[in-house]
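Trainee: whatever this is, show me its structure:
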Amino acid sequence: MTDPAAVAPILQMAPFALILVVFYFLLIRPQQKKAREPQEMIDNLKVGDEIVSTGGLYGRILKLADKVIFVEVAPKVQIRLERASVGRVVRGRAEGKGAEEKQA
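Mentor: Numbers count the residues shown, from 1 in each chain. As a prediction, this is how the structure comes out:
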């Protein structure tokens, strides 16, 4: 029938394979999912969105380019930022003020 010596290496490798599968589902996959969220946020930016940059600047998007956005940070004051420097999107002024008050 089957040689017991041939079956033994397969049984010895089974726990290691199981550990790799567990690591994938508990560590690697959630990390990949978390890394995708900021990229989706950057891809979904629209003119008029209020944003906070990674440097802490609040502003409203005026114009979008491939890798650059133009943001109004004060009346008649515009700056140019890389898309990657957007920290988060604050949709609407009321939401942003409410969130700031809750954090304080």
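Trainee: what sits against residue 83?
Mentor: Residue 83 makes contacts with 42, 45, 67-69, as judged by C-beta atoms under 8 Å, 6 or more residues apart in numbering. Where you see a C-beta, it was placed from the backbone N, CA and C, and this is true even at glycine.
Trainee: if I look at it, how far off is residue 36?
Mentor: 15 Å (C-beta to C-beta, to the nearest Å).
Trainee: what's around residue 9, how many residues?
Mentor: Counted with other C-beta atoms under 10 Å, the neighbours of residue 9 add up to 9.
Trainee: for it, phi and psi?
Mentor: Taking degrees, to the nearest 10, you get phi -60, psi -40 for the backbone angles of residue 9.
Trainee: can you give me the helices in the chain?
Mentor: Per DSSP state H, the chain carries helices over the ranges 4-23, 29-43, 93-103.
Trainee: so what's the spatially most central residue of the chain scoring on pLDDT?
Mentor: Against the mean C-alpha coordinate of the chain, by C-alpha atoms, centre = their mean, the closest residue is residue 38 at 2.3 Å. Looking at residue 38, its pLDDT is 89.
Trainee: could you do residue 47 as well?
Mentor: pLDDT, residue 47: 93.
Trainee: and it, how close does it get to residue 14?
Mentor: Distance of residue 47 to residue 14, given as C-beta to C-beta: 55 Å.
Trainee: and the contacts of residue 83, which are buried?
Mentor: The neighbour count (16 or more other C-beta atoms under 10 Å) marks 42, 69 as buried among these.
Trainee: put together a markdown table for the contacts of residue 83, with distance to residue 25 on each row.
Mentor: What follows is the contacts of residue 83, written out as a markdown table (distance: C-beta to C-beta, whole Å):
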| residue | distance to residue 25 |
| --- | --- |
| 42 | 27 |
| 45 | 32 |
| 67 | 34 |
| 68 | 38 |
| 69 | 36 |
